[in-house]
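**Student:** Dropping the sequence and predicted coords here.
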Amino acid sequence: MVHHQNKAIREGDNPDLTAERVTGTFDTHSMAAQIYNSEAHARRRREITEIIAKRPELHDTKPFPFMTREEKILESSRKLTLITKHMNEIIEPNNSNEMFHLNNEVLGIEGHPMALHGIMFIPALTAQASEEQQKKWLTRAINREIVGTYAQTELGHGTNLQNLETTATYDVATQEFVLHTPTITGLKWWPGNLGKSSNYAVVVALMFIKGKNYGPHTFMVPLRDEKTHQPLKGITIGDIGPKIAYNVTDNGFLGFDHYRIPRTNLLMRHTRVEPDGTYVKPPHAKINYSAMVHVRSHMITGQAIMLSYALTIATRYSSVRRQGQIDTTQPEVKVLEYQTQQHRLFPYIARAYAFVFAGAETVKLYERVLEEVATGNVSLMADLHALTSGLKSVVSHYTAQGIEQARMACGGHGYSQASYMSEIFGVAVGGCTYEGENMVMLLQLARYLVKSASLVKTGQSSKLGPLVAYLGAKSDSTSLIDRTPTTGFAEYVKTFQHIARRQTLKAADKFFGLMEKGEKRPIAWNKSSVELNRASRLHTRLYIVEAFVRRVEEVADPRLKEVLTDLLHLHVNYELLDMSTYALEDGFVSSSQLDYVRDQLYFYLAKIRPNAVSLVDSWEFSDQELRSVLGRRDGHVYENLFAWAKASPLNKTDVLPSVDKYLKPLMESARASKL
Ligand SMILES: CC(C)(COP(=O)(O)OP(=O)(O)OC[C@H]1O[C@@H](n2cnc3c(N)ncnc32)[C@H](O)[C@@H]1OP(=O)(O)O)[C@@H](O)C(=O)NCCC(=O)NCCSC(=O)CCCCCCCCCCCCCCC(=O)O
Ligand SMILES: Cc1cc2nc3c(=O)[nH]c(=O)nc-3n(C[C@H](O)[C@H](O)[C@H](O)COP(=O)(O)OP(=O)(O)OC[C@H]3O[C@@H](n4cnc5c(N)ncnc54)[C@H](O)[C@@H]3O)c2cc1C
């Protein structure tokens, strides 16, 4: 048996796809170890996939698009129960990476009844509950004796947490907090799994003590009777209805009618309220926002994975889809031969790699900050908040764009739910909104950038943190791209730094200038906000490039290094062209340099072409995880599309009741009236 570099090759596969895999120049298992940050993790992913493949009870009973929402929820609950029961046979206990993979394989991306339990409820209790509170609730939550969510957003307010309407008013006499929803707009609205699944929630409410508003605080709140699952007295609760996607998750509404909880249900690791109502403030004003920072840190990787789902589907399909000719004397070509198709897909393949590398760095920083905050050191919280605010916005935006490009790259079949593209898009694009609407989060990063710009302007550049140190450096007079013999990325990085620095300082100038002219700070901020957000995007895109460069520098295997270097070349040239307005406007990059950048882009599209399928195969998504007929590993698309269509519920009978009831009588009466 021949050992190929691409480990996805199997006998009997579509020969067009096998031909693509044979040309791969690197070992896809080794690349998976880069993507998943260690050989051990990549291997464990494969082992988990194999275990699941052998357990039919963990497979979908029919394709998701053929199920109603109720059926999906039932099916997902069935599988969730099974994986909870057999968890220790499949994954290492409490290994969140393995749990994430297990969930993606078995439950899929549409959510499940405990989605928010894992991603926000447990992290909120871990970071914000005191040790005593953790003994009471956290172990039960981890054991899944109770199911919880994170209830913050309201019908009338999501972004602006200071204006939430849900109040938690301290009653000194009974040592209780009274939770209350004063209006319809104060109803909690959106929290995942709040509607039907959860019996507890970490609720965010404005805390009032003796008439004083202490702002948003987090409370552990029982919602439903643990035995009957009926809503408790004083609680109004339900599902908010179907959404664009993510419909297995019961996003919900919740209202409180003077609902009492003990004082000790305020999460008290960092903040306390004494029995007499004395407030002990936390070491950082935003420490209660930790569950949001948790998701923002992890969702970068989650988004990269969803982008890669779509790219795997589109790249594999483009290798088996033949349409038209390039040389009219030759047979029809694979659509992947078209430069336009490559230009549509390959830069996003590069972005997906860039995002997953940036995501890994973000999680590392998050874990460090988590440890430090637990010991009372909050010094890195602002940096982490700025970084994750920018990354969640930029990455979710390009992920949604990339998925949509991948869908269109599949032509008509991309529009069929057999491709699964619409669900992937729908779930991923939610990331532009949840955990802080993208514009709003870019503006959070802009606050940090403006402060940094002001250090530069006042000659205090030495005080800049490592993420923004480049703002204090001097630019060359022009970019040296194509003017130096170096083959590295230093000139590109310097060019991105120049662009981000110039835009940041310019936007800050605009803001400070407006204030100097007498505008109040918030008005000046609003009038500068488009320019400020441009700066935030450029800063974040620079960070992503740098994270990519750092990773490529670390890679030792020469075959991996070569293909990752090709991808990085593609990335920097594509990014620079995409932001060429900024590069050209002060003459830092000339139009002839941009011609060079364009040529480089086309060169690397062609160079990557033989590795395209191996680059997407390296993510090692199983067919079960991808849930896409077009993206099948074996490339047998057409026969399976036909089988999929035949399985459509509409094809159960030859004549639909709607035809019997309406169309037949309509046609008959039309015929009769002609007589
Ligand atoms: C930040 C706000 C916009 C404003 O908040 P405030 O009004 O309180 O701020 P102020 O104006 O008073 O002060 C600003 C000030 O505070 C600093 N700040 C703000 N936040 C933080 C923070 N978190 N840390 C540190 N500092 C912070 C800020 O920098 C300013 O400092 P300066 O004054 O010095 O400039 C706030 O209102 C806000 O955050 N709004 C957004 C609301 C929001 O995000 N809501 C989220 C609700 S929960 C939700 O949406 C859940 C969705 C979950 C969906 C499912 C997700 C599934 C994803 C799965 C991914 C898993 C993948 C795993 C993969 C893997 O890892 O393998
Ligand atoms: C799939 C999904 C899952 C969710 N899960 C949860 C959950 O589990 N728990 C939970 O509590 N919430 C959840 N949410 C809610 C989510 O966090 C909020 O919808 C999100 O934070 C945006 O807030 P908003 O809806 O109030 O938007 P708005 O703030 O009303 O945004 C509307 C528009 O106003 C703009 N805007 C608002 N404020 C400003 C500003 N200061 N400056 C400039 N522009 C501004 C925005 O950019 C946007 O264009 C979920 C939402 C979705 C879509």
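**Tutor:** Yep, it's here. Numbering: from 1, shown residues only. Ligands and ions are numbered 1, 2, ... in the order given.

**Student:** from the chain's centre, how far out does stretch 647-666 sit?
**Tutor:** 41 Å (Cα atoms, centre = their mean, to the nearest Å).

**Student:** end-to-end on that stretch?
**Tutor:** Using Cα to Cα, to the nearest Å, one end of stretch 647-666 lies 28 Å from the other.

**Student:** Stretch 276-291 now?
**Tutor:** Using Cα to Cα, first and last residues of stretch 276-291 are 29 Å apart.

**Student:** can you check stretch 633-653 too?
**Tutor:** Stretch 633-653 stretches 32 Å from its first residue to its last (Cα to Cα).

**Student:** Which positions in that stretch come out as buried?
**Tutor:** Neighbour-count burial for stretch 633-653 flags 633-637, 640-641, 644 (criterion: 16 or more other Cβ atoms under 10 Å). C-beta: built from backbone N, CA, C; applies to glycine.

**Student:** Let me know the closest of these to residue 238.
**Tutor:** Using Cβ to Cβ, residue 644 comes nearest to residue 238 of the buried residues of stretch 633-653, at 34.3 Å.

**Student:** about what we covered before: now, among the buried residues of stretch 633-653, which is nearest to residue 69?
**Tutor:** residue 644 (20.1 Å).

**Student:** okay, the closest one: pLDDT?
**Tutor:** You'll see residue 644 listed with a pLDDT of 97.

**Student:** correct me, but it touches residue 629?
**Tutor:** Yes. The criterion here is Cβ atoms under 8 Å, and residue 644 meets it with residue 629 at 5.2 Å.

**Student:** What are the buried residues along the helix or strand hosting residue 394?
**Tutor:** Using DSSP states H and E, residue 394 sits in helix 381-409. For helix 381-409, burial by neighbour count (16+ other Cβ under 10 Å) applies to 381, 383-400, 402-407, 409.

**Student:** could you give the mean pLDDT of the next helix-or-strand element following that helix?
**Tutor:** Next helix or strand after helix 381-409 toward the C-terminus (DSSP H and E): helix 421-429. What helix 421-429 shows for mean pLDDT is 98.

**Student:** does the residue of the stretch 501-650 of the chain found nearest ligand 2 count as helix, strand or coil?
**Tutor:** Closest residue of the stretch 501-650 of the chain to ligand 2, Cβ to the nearest ligand atom: residue 529 (6.3 Å). Under DSSP: H, G, I helix; E, B strand; the rest coil, the three-state class of residue 529 is helix.

**Student:** Residue 221 bridge partners, please.
**Tutor:** Applying DSSP bridges to residue 221 yields these beta-bridge partners: residue 201.

**Student:** Verify the stated contact: it with residue 188.
**Tutor:** No. If you go by Cβ under 8 Å, residue 221 and residue 188 don't touch, sitting 10.2 Å apart.

**Student:** For stretch 453-473, buried residues please.
**Tutor:** For stretch 453-473, a neighbour-count test (16+ other Cβ under 10 Å) marks 453, 455-456, 464, 467-468, 470-472 as buried.

**Student:** Which ones, among the residues you listed, also lie beside ligand 2?
**Tutor:** Subset of the buried residues of stretch 453-473 in contact with ligand 2: empty, counting by Cβ under 6 Å from any ligand atom.

**Student:** how about those in JSON lines, adding distance to residue 180?
**Tutor:** Shown next, in JSON lines, are the buried residues of stretch 453-473 (distance: Cβ to Cβ, whole Å):
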{"residue": "453", "distance to residue 180": "43"}
{"residue": "455", "distance to residue 180": "44"}
{"residue": "456", "distance to residue 180": "47"}
{"residue": "464", "distance to residue 180": "45"}
{"residue": "467", "distance to residue 180": "41"}
{"residue": "468", "distance to residue 180": "43"}
{"residue": "470", "distance to residue 180": "49"}
{"residue": "471", "distance to residue 180": "46"}
{"residue": "472", "distance to residue 180": "50"}
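
**Student:** Perfect, I'm done here.
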